[in-house]
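S.K.: this is a predicted model, with the sequence first.
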Amino acid sequence: GAVVSQHPSWVICKSGTSVKIECRSLDFQATTMFWYRQFPKQSLMLMATSNEGSKATYEQGVEKDKFLINHASLTLSTLTVTSAHPEDSSFYICSALPLGSTDTQYFGPGTRLTVL
Amino acid sequence: GNSVTQMEGPVTLSEEAFLTINCTYTATGYPSLFWYVQYPGEGLQLLLKATKADDKGSNKGFEATYRKETTSFHLEKGSVQVSDSAVYFCAGVIQKVTFGTGTKLQVIP
């Protein structure tokens, strides 16, 4: 149980295009999902907290107009990287907090984004 | 603010050796504590957790005890296997997750 999927697992795009990444909780519902970014050999950096039915909360330094988050249902959150540039290339990981849980997040497998 | 500090890697051990990865936390309050494992090219998997002082989390031969007096949550395993090679993250949760920097473990046959 407690499986989180991400799609796509990897994507290569041209500079200036937009890329959408989906995060789904497969066997549980989650009002809260999180988006992280991980640089090589580094820890996870929280980008934003996604709440179902409301606006996402972005961490300091994260551009909300560049990283659009939509949490349309209790099992799906999407991250859209708009007008991507090579510096946006990274490993993006989402996690989901099951309903009723206050601390245990379950993570997706990650999406490797490469912007050419 | 809250912070989690874990020992720097990489840690290289021979198969069947004893493993300890240190983790200490600083927090206003008492966080829930976690160990996550990340295999190459994958996301994080929950390894174990403890939510209050003296709790011991255990899974797959790994264990960690929540020590309030030393604000620590060290990860241990009595006999590591090659398949345990991965990056291990300690994390604390008070509303938000705070991750340590990760410790890479390499187990050699």
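M.R.: Noted; the coordinates are in hand.
S.K.: neighbours of residue A:12, just the number please.
M.R.: Using other CB atoms under 10 Å in any protein chain shown, the number of residues around residue A:12 comes to 12. Every residue, glycine included, has its C-beta placed from N, CA and C.
S.K.: same question for residue A:34.
M.R.: 25.
S.K.: again with residue B:48
M.R.: Neighbourhood size, residue B:48 [other CB under 10 Å]: 19.
S.K.: with residue B:95 instead?
M.R.: 11.
S.K.: repeat that for residue A:33.
M.R.: Residue A:33: 30 neighbours (other CB under 10 Å).
S.K.: list the residues that contact it.
M.R.: A:23, A:25, A:49-50, A:71, A:77, A:94-97 (CB atoms under 8 Å, 6 or more residues apart in numbering or on different chains).
S.K.: ditto for residue B:28
M.R.: So residue B:28 contacts B:2, B:94 (CB under 8 Å, 6+ apart).
S.K.: and for residue B:84?
M.R.: B:19, B:77, B:105, B:107.
S.K.: restricted to buried residues, select the residues you listed in ChimeraX.
M.R.: This is how ChimeraX selects the buried members of these, with burial counted by 16 or more other CB atoms under 10 Å in any protein chain shown:
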select /B:19,77,105,107
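S.K.: what about chain A: which of the contacts of residue B:84 touch it?
M.R.: Taking CB under 8 Å from any CB of the partner chain as the test, chain A is in contact with none of the contacts of residue B:84.
S.K.: pLDDT and secondary structure for the contacts of residue B:84 - can I get that in TSV?
M.R.: TSV is the format used below for the contacts of residue B:84 (pLDDT from 0 to 100; DSSP: H, G, I helix; E, B strand; the rest coil):
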residue	pLDDT	secondary structure
B:19	97	strand
B:77	98	strand
B:105	96	strand
B:107	97	strand
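S.K.: closest to residue B:54 among the contacts of residue B:84?
M.R.: Residue B:54 lies nearest to residue B:77 out of those, by CB to CB, at 20.0 Å.
S.K.: what's across from that closest one in the sheet?
M.R.: Note on residue B:77: beta-bridge partners by DSSP bridges are residue B:19, residue B:62.
S.K.: nearest to chain A, of the contacts of residue B:84?
M.R.: residue B:105 (13.7 Å; CB to the nearest CB).
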